[in-house]
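Asks: The amino acid sequence is not available; the structure is as follows:
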């Protein structure tokens, strides 16, 4: 009888990510914009700020409103009645982040000021 010819599969090596207690801030204009975006959904919805690979500088910010996942792997930062969640995996990259909002016809919207970034792009949406 023939044996198994399978060579198996290679799994990526998982390295633990350093987790810190994240501290972020938001300007008055960002706080107002978050309240406006959430509307009456601030009881059941949260804003998640995360980091994805990509962008012109290496990492891109992602910011979205979702149903509260009630997941312990997220840290919760409250701005008035708005809850902002940062995943533990992204805590070291987003610690010290300042969330701003620019209400401009040319490139308006949320912008991130990140003290951990070695380099940022001109649009403020990606960093390295």
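Replies: It's in. Just so you know, these numbers come straight off a predicted model, no measurement behind them.

Asks: okay, the most centrally placed residue in the chain: pLDDT?
Replies: By C-alpha atoms, centre = their mean, the chain has its centre lying nearest to residue 50, at 1.7 Å. On the pLDDT scale, residue 50 is placed at 93.

Asks: quick one: it and residue 39, what's the gap?
Replies: Here the criterion is C-beta to C-beta, to the nearest Å. By it, residue 50 lies 22 Å from residue 39. C-betas here are computed from N, CA, C, even on glycine.

Asks: What's the first helix or strand after the longest helix seen in the chain?
Replies: Of all the segments of type helix in the chain, defined by DSSP state H, the longest one is helix 28-38. Using DSSP states H and E, the helix or strand that follows helix 28-38 in sequence is strand 45-54.

Asks: Please spell out which residues along that following strand are buried.
Replies: Buried residues in strand 45-54, counted by 16 or more other C-beta atoms under 10 Å: 45, 46, 47, 48, 49, 50, 51.

Asks: So for residue 50, what's the nearest residue that isn't a sequence neighbour?
Replies: residue 62 (4.7 Å; C-beta to C-beta, 6 or more residues apart in numbering).

Asks: what's the burial count for the one you found?
Replies: The local packing of residue 62 (other C-beta atoms under 10 Å) involves 13 other residues.

Asks: if I've got this straight, it is in a helix?
Replies: No - according to DSSP: H, G, I helix; E, B strand; the rest coil, residue 62 belongs to no helix; its state is strand.

Asks: so what's it up against?
Replies: When contacts are counted by C-beta atoms under 8 Å, 6 or more residues apart in numbering, residue 62 touches 48, 49, 50, 51, 52.

Asks: How many residues are close by residue 102?
Replies: Neighbours of residue 102 under the rule other C-beta under 10 Å: 15.

Asks: what is it paired to in the beta sheet?
Replies: Judged by DSSP bridges, the bridge partners of residue 102 are residue 109.

Asks: quick one: the closest residue to residue 89 other than its chain neighbours from residue 24, how far?
Replies: Spatial nearest neighbour of residue 89, chain neighbours left out: residue 17 (5.0 Å); criterion: C-beta to C-beta, 6+ apart. The gap separating residue 17 from residue 24 is 18 Å, by C-beta to C-beta.
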